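J.: Here is a sequence with its predicted model. Questions after.
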Amino acid sequence: MNAVVQSKKSQSITTVPVLEMSEQELISVLENSIYPGASRESIKMAISYCAAAKLDPLQKPVHIVPMWDTKAKRMRDVILPGIGLYRTQAARSGEYAGVSEPEFGEDVTETIGGVTVTYPKWCKATVKRRLPSGEIVEFSAKEFWKENYAVKGGQEKSIAPNAMWAKRPYGQLAKCAEAQALRKAFPELGAQPTAEEMQGSTIETSEVIDGQTGEIIQVQKSAARPALEPYSQEHFEQNFPKWKDLVESGKRSAEDILAMIRSKATLTEEQEAAIRALGETANDFAEIAEG
């Protein structure tokens, strides 16, 4: 059942059928589970997006993607659909006939922005659609890693791949190829790029140009974030044991912890290194357990 968010004019609350949840309760749930670390203003934008599109925000159909605004010289949150939403909409059409396993091009090892990464040169995905006549038609899309990878960016304007693209070069590119194939097979889904495709991009204006179709897409964005204060060493030392427990228990990854803190404050290189070390330690424990 799709619990659609609806606004009641007679009451200044947003409710979800069946759950009968007020807007404040919904924001609290999303803030602590679906979008940890996101600002309340950005979460409200995500709720509004879901309400307009008749989507259930608890299923996380859209993502809150931090993007660097070159004009404002600060980060902004942009609401974008996830590839899961495209998959769901295609399946509900009754004409979706599956997707192929991703095909990858040759491996390339390169040092980009000081980071050495091995990635597939390209990825191809094919989505199948069953026409009213019963005929199954294939729609393929081929995406190149260098044209899609998300950069670290920020004030340093680093061109190195961000943590996710460096860690999962195949998985991330496969999502981009599948998203493009889904748009080709089901153009009624819309032409807006997914969060997986736009992560790490920069905002030049209030518009984003879809590199595949050339269409200009308006993006919904929040007010500019205020300048962030440095994270105090005192608070860092107080909270470090809690973060360590979260990472070692598997409830959060080191990247999750970093993203949460960066949304509220800036970290020193030493503080970031200490948190990243938690992830490396957790991986070592996992390997020992598997052995």
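T.: Sure thing, it's come through. Numbering: from 1, shown residues only.
J.: Give the buried residues for stretch 21-39.
T.: Residues 21, 23, 26, 27, 29, 30, 31, 34, 35, 37, 38, 39 are the ones in stretch 21-39 that count as buried (16 or more other C-beta atoms under 10 Å). All C-beta spots, glycine's among them, are computed from the backbone N, C-alpha and C.
J.: Stretch 146-163 too?
T.: So stretch 146-163, judged by 16+ other C-beta under 10 Å, has buried residues 148, 149, 150, 151, 152, 153, 160, 161, 162, 163.
J.: Got the domain ranges for this protein?
T.: 1-60, 65-226, 228-291 (automatic domain parsing).
J.: Same list, those, but as JSON lines with mean pLDDT please.
T.: Shown next, in JSON lines, are those (pLDDT from 0 to 100):
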{"stretch": "domain 1-60", "mean pLDDT": "72"}
{"stretch": "domain 65-226", "mean pLDDT": "80"}
{"stretch": "domain 228-291", "mean pLDDT": "78"}
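J.: Note down every partner strand of the helix or strand where residue 123 lies and its orientation.
T.: Using DSSP states H and E, the element containing residue 123 is strand 122-130. Partner strands for strand 122-130, per DSSP bridges, with pairing direction: strand 96-99 (antiparallel), strand 103-104 (antiparallel), strand 136-144 (antiparallel).
J.: roughly how far out does the shortest one sit from the chain middle?
T.: In other words, strand 103-104. 22 Å (C-alpha atoms, centre = their mean, to the nearest Å).
J.: Name the residues that touch the helix or strand just after it?
T.: Following strand 103-104 in sequence order, the next helix or strand is strand 107-112 (DSSP H and E). With contacts defined as C-beta atoms under 8 Å, 6 or more residues apart in numbering, strand 107-112 is touched by 116, 117, 118, 119, 120, 121, 145, 159, 160, 161.
J.: so who does the last one touch?
T.: In this structure, residue 161 makes contact with 112, 113, 115, 117, 149, 150, 151, 152, 169, 200, judged by C-beta under 8 Å, 6+ apart.
J.: part of a helix, is residue 170?
T.: Yes - under DSSP: H, G, I helix; E, B strand; the rest coil, residue 170 falls within a helix.
J.: Can you get me a residue count around it?
T.: Residues lying near residue 170 (other C-beta atoms under 10 Å) number 15.
J.: what's the answer for residue 276, then?
T.: By other C-beta under 10 Å, 15 other residues sit near residue 276.
J.: Contacts only, for it.
T.: Residues in contact with residue 276 (C-beta under 8 Å, 6+ apart) are 254, 258.
J.: ok so it is a helix residue?
T.: Yes - per three-state DSSP, residue 276 lies within a helix segment.
J.: any idea how far it lies from residue 143?
T.: 29 Å (C-beta to C-beta, to the nearest Å).
J.: Now do the contacts for the residue nearest to residue 121 when sequence neighbours are not counted.
T.: Closest residue to residue 121 in three dimensions, ignoring its sequence neighbours and counting by C-beta to C-beta, 6 or more residues apart in numbering: residue 105, at 3.8 Å. Residues counted as contacts of residue 105 (C-beta under 8 Å, 6+ apart) are 120, 121, 122, 123.
J.: what's the farthest-apart pair in those residues?
T.: Farthest pair in the contacts of residue 105 (C-beta to C-beta) is 121 and 123. Separation: 8.7 Å.
J.: Same drill for these two, tell me which one is more crowded.
T.: residue 123 (26 against 13).
J.: ok, what's across the strand from that one?
T.: Under the criterion used (DSSP bridges), residue 123 bridges to residue 104, residue 143.
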